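Participant: sequence unknown, structure follows:
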């Protein structure tokens, strides 16, 4: 069995149980040949991005609805179809035989003949997709939300951007030189470079949308700075470039551990409860937990597990987080509320719920601007 396909299959199975592909691949690929790791990543993210198209094709080739299939059999079929139709360098016989072996190794030997028969029907002929949700490989309810918010044309741009592998951006602080082992291009965000070729070296990989948030705080040396939902710490590290005196917080113990390497005060707390600080802060960043609908190119599993009701629940939590964050803001201070969501309830709706009027707003929409989708509102205290 191919190590790449074994890792891809195991990762997709764990994603189906609630895991996140990026985290699982980072652990699973440790010690793997770089080519195998790259192929595993390509298969995992390709299957998740194009899942609706793959399921339509499987139903077409098999004459059976995908819901009637055992989950592991369906995963192996998705992988086999993806490799044959969407990848150019995979011999069809390898995609078929390896997928059949995955079915057997998962304990479904009786389905091996079925899987083999289905995968041998796969071709590269153009397909007339039955509807927009299949063609764009997104849930229809999510597309309809974006239609209402952005219009159908922009919705299509967003969805198609989510089907492409995201560009890689690195953070290069002003006092450091661009890595010699990499070919990079500067962007409109100071210190943010697109990685064209080569390796990031010791520089942080951080999406351009994420890097565009911190400059909205207008940080200066000596200011007190609170990052309320800080993990994994990329924005905190970016803020530290300005010479601020920072405190970083997060709710999850494992994520708090990720922040300790920054060399600043780190606090484990629940931001939905009254904050424990006696002093107030000149600058606060609240990068709130959100649906992540601006990051579906990077985290495609989100679109298949998110439910409409989740957005309202997230809004309620975000309102509490923002209210508590504002209680820690010094007079004349600046707070930036940000999300990587495209949903109005999680963005404008949060400030509106508290009767706030941001002095500035940033929006980044996949397909219109490079990188992930982001929203940020600048709120100034009086």
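Facilitator: Ah, there it is. These numbers were taken from a predicted model, which means no experiment stands behind them.
Participant: Please make it C-alpha for all contacts and neighbour counts, starting now.
Facilitator: Will do.
Participant: The nearest residue to residue 24 once chain neighbours are set aside and residue 235: what is the separation?
Facilitator: Leaving aside its sequence neighbours, residue 24 sits nearest to residue 11 (C-alpha to C-alpha, 6 or more residues apart in numbering; 6.1 Å). With distances taken as C-alpha to C-alpha, to the nearest Å, residue 11 is found 28 Å from residue 235.
Participant: ditto for residue 370
Facilitator: From residue 370 across to residue 235, the span is 18 Å (C-alpha to C-alpha).
Participant: which SS class is residue 185?
Facilitator: strand (DSSP: H, G, I helix; E, B strand; the rest coil).
Participant: Contacts only, for the spatially closest residue to residue 207 that is not a sequence neighbour.
Facilitator: Residue nearest to residue 207 in three dimensions, not counting chain neighbours: residue 169, with 5.4 Å by C-alpha to C-alpha, 6+ apart. Residues near residue 169 by C-alpha atoms under 8 Å, 6 or more residues apart in numbering: 192, 193, 194, 195, 205, 206, 207, 208.
Participant: Confirm residue 98 sits in a strand?
Facilitator: No: the assignment for residue 98, made by three-state DSSP, is helix rather than a strand.
Participant: Surely it touches residue 2?
Facilitator: Yes: contact criterion C-alpha atoms under 8 Å: residue 98 and residue 2 qualify, at 7.4 Å.
Participant: Just want to know which of those two has more residues nearby.
Facilitator: residue 98 (20 against 13; other C-alpha atoms under 10 Å).
Participant: ok, and for stretch 108-117, which residues are buried?
Facilitator: Residues of stretch 108-117 classed as buried by neighbour count (16 or more other C-alpha atoms under 10 Å): 109, 112, 115, 116.
Participant: Any idea how many residues pack against residue 305?
Facilitator: Neighbours of residue 305 using other C-alpha under 10 Å come to 11.
Participant: Oh, that last question was meant for residue 167, not what I typed.
Facilitator: Neighbours around residue 167, by other C-alpha under 10 Å: 15.
Participant: Now do the same for it: helix, strand or coil?
Facilitator: coil.
Participant: Quickly note the distance from it to residue 193.
Facilitator: Going from residue 167 to residue 193 by C-alpha to C-alpha gives 11 Å.
Participant: and what of residue 346?
Facilitator: Residue 346 is 29 Å from residue 193, by C-alpha to C-alpha.
Participant: Check the residue lying closest to residue 212 once chain neighbours are set aside and give its pLDDT.
Facilitator: Excluding the flanking residues, the one nearest residue 212 by C-alpha to C-alpha, 6+ apart is residue 189, at 6.0 Å. As predicted, residue 189 sits at a pLDDT of 97.
Participant: which ones are touching residue 189?
Facilitator: Contact partners of residue 189, counting by C-alpha under 8 Å, 6+ apart, are 208, 211, 212.
Participant: which residues does the nearest residue to the first one once chain neighbours are set aside contact?
Facilitator: Closest residue to residue 208 apart from its sequence neighbours, by C-alpha to C-alpha, 6+ apart: residue 371 at 5.6 Å. Taking C-alpha under 8 Å, 6+ apart as the contact definition, residue 371 lies against 166, 167, 207, 208, 209.
Participant: And the residues you listed, which is closest to residue 336?
Facilitator: residue 209 (14.2 Å; C-alpha to C-alpha).
Participant: separation between the closest one and residue 367?
Facilitator: Applying C-alpha to C-alpha to residue 209 and residue 367 gives a distance of 12 Å.
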